[in-house]
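Q: A structural model of the following input is requested.
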Amino acid sequence: MSRSGRLLSLMEILRTRRRPVTAAWLAGELSVSERTIYRDVAELMAQGVPVEGGAGVGYLLRPGYFLPPLMFAREELEAIMLGLRYVDQRGDAVLKAAASAAKAKIGAVLPPDAGVTLDLPLAMPGPSPAPFPDNVVELDRLRAAIRAQRRLEIVYADAAGHHSQRMVWPVQIGFMDSARVLAAWCELRQDFRTFRTDRILSIVEGSQYPARRAELVRRLHEHLALSSQAQSADKN
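A: Below is the predicted model of the structure:
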């Protein structure tokens, strides 16, 4: 591996680590000596890359540093393209535009021989789903509430058309084959519930909810896993 390639590999490794990693560990990952790691880290620092730490402490790339996607393996690029095509099928207008912009940015920094993967990928998603029902409340308003961790008072219509008023803590938006759903903690049910976004008739934003969203996401996924196991058990 050339030194420039090794420096890029070193930055990519540091970018994916949340805690300091030692020179010995980095040397093992890159199959070089610790002395080489010390020299490479010094070179990155000289070039303005915000590497923090030192010998005996470990190294960490300061959060927020952007590394252009120059080192995607073919399989990684295939996975990204499959995901972008899936978004183009099931995403709303905002996410579709973001997927198109992301593809253009990736294409602008890839070497020419890798561009064929963007235009002629090996993998493709399944058939496009039927058109999604129109939303009364734009998904961008729901995304903003999720990011701000705001409680939402919603008016919701069930399948029979009956209206109910709920206070929920929005956690994630799910893009299913036939509908989009808001996954949230429901104060009324004291449990996680999913609400079809096309049946949310109105929202009123409230105060921040008294929980960390990261913890709610973890608990939501545990809840979904248990629900899936229970459904499988019922079928058996």
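Q: which SSE is L201 in?
A: strand 200-208 (DSSP states H and E).
Q: partners of that strand, with directions?
A: strand 150-157 (antiparallel) (DSSP bridges).
Q: packing partners for the helix or strand harbouring D140?
A: Per DSSP H and E, D140 falls inside helix 139-148. Judged by 3 or more Cβ pairs under 8 Å, 6 or more residues apart in numbering; DSSP states H and E, the packing partners of helix 139-148 are helix 93-109, strand 163-175, strand 200-208. Where you see a C-beta, it was placed from the backbone N, CA and C, and this is true even at glycine.
Q: what's the closest of those to Q47?
A: helix 93-109 (17.8 Å; Cβ to Cβ).
Q: which of the residues in the closest one are buried?
A: Neighbour counts over helix 93-109 (16 or more other Cβ atoms under 10 Å) mark L95, A99, K103, I106 as buried.
Q: grab the nearest non-local neighbour of the first one.
A: Read that as L95. V87 (5.3 Å; Cβ to Cβ, 6 or more residues apart in numbering).
Q: neighbours of the one you found, how many?
A: Number of residues near V87 (other Cβ atoms under 10 Å) recorded here: 19.
Q: for it, helix, strand, or coil?
A: At V87 the chain is in helix, as set by DSSP: H, G, I helix; E, B strand; the rest coil.
Q: in the helix or strand of the chain with the lowest mean pLDDT, what's buried?
A: Ranked by mean pLDDT, DSSP states H and E, the weakest helix or strand in the chain is helix 115-119, scoring a mean of 76. Going by neighbour count (16+ other Cβ under 10 Å), the buried part of helix 115-119 is T117, L118.
Q: what residues does it touch?
A: Outside helix 115-119, the residues that touch it by Cβ atoms under 8 Å, 6 or more residues apart in numbering are R74, L77, E78, M81, K103, I106, G107, L110.
Q: where does pLDDT dip in the protein?
A: 1-2, 64-71, 109, 111-114, 232-234, 236 (pLDDT under 70).
Q: rerun that using 90 as the cut-off
A: For the chain, the stretches with pLDDT under 90 are 1-19, 29, 31, 43-58, 60-78, 90, 101-134, 176-178, 226-236.
Q: longest helix in it, by number of residues?
A: For the chain, the helix reaching the highest residue count under DSSP state H is reported as helix 213-235.
Q: so which elements touch it?
A: Counting by 3+ Cβ pairs under 8 Å, 6+ apart, helix 213-235 packs on strand 163-175, strand 180-186, strand 191-196.
Q: tell me the most buried of the ones you listed?
A: Stretch with highest mean neighbour count among these: strand 180-186 (a mean of 21; mean count of other Cβ atoms under 10 Å).
Q: please export the C-alpha coordinates of that one as CSV.
A: As requested, the backbone C-alpha atoms of strand 180-186 are provided in CSV (Å, rounded to 0.1, in the frame of the first residue of the first chain):
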residue,chain,number,x,y,z
ARG,A,180,-45.3,5.0,6.2
VAL,A,181,-45.6,4.9,10.0
LEU,A,182,-44.5,7.0,12.9
ALA,A,183,-43.1,4.9,15.7
ALA,A,184,-43.6,6.7,19.1
TRP,A,185,-44.1,6.2,22.8
CYS,A,186,-47.8,6.7,23.5
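Q: re earlier: which one of the helices and strands packed on helix 139-148 lies nearest to R150?
A: strand 200-208 (5.0 Å).
Q: report the angle between the closest one and strand 180-186.
A: Relative orientation of strand 200-208 with respect to strand 180-186: 40 degrees, computed using axes from the mean of the first three to the mean of the last three Cα atoms, to 10 degrees.
Q: could you list the domains of this protein?
A: If you go by automatic domain parsing, the domain ranges for the chain are 3-61, 74-119, 139-235.
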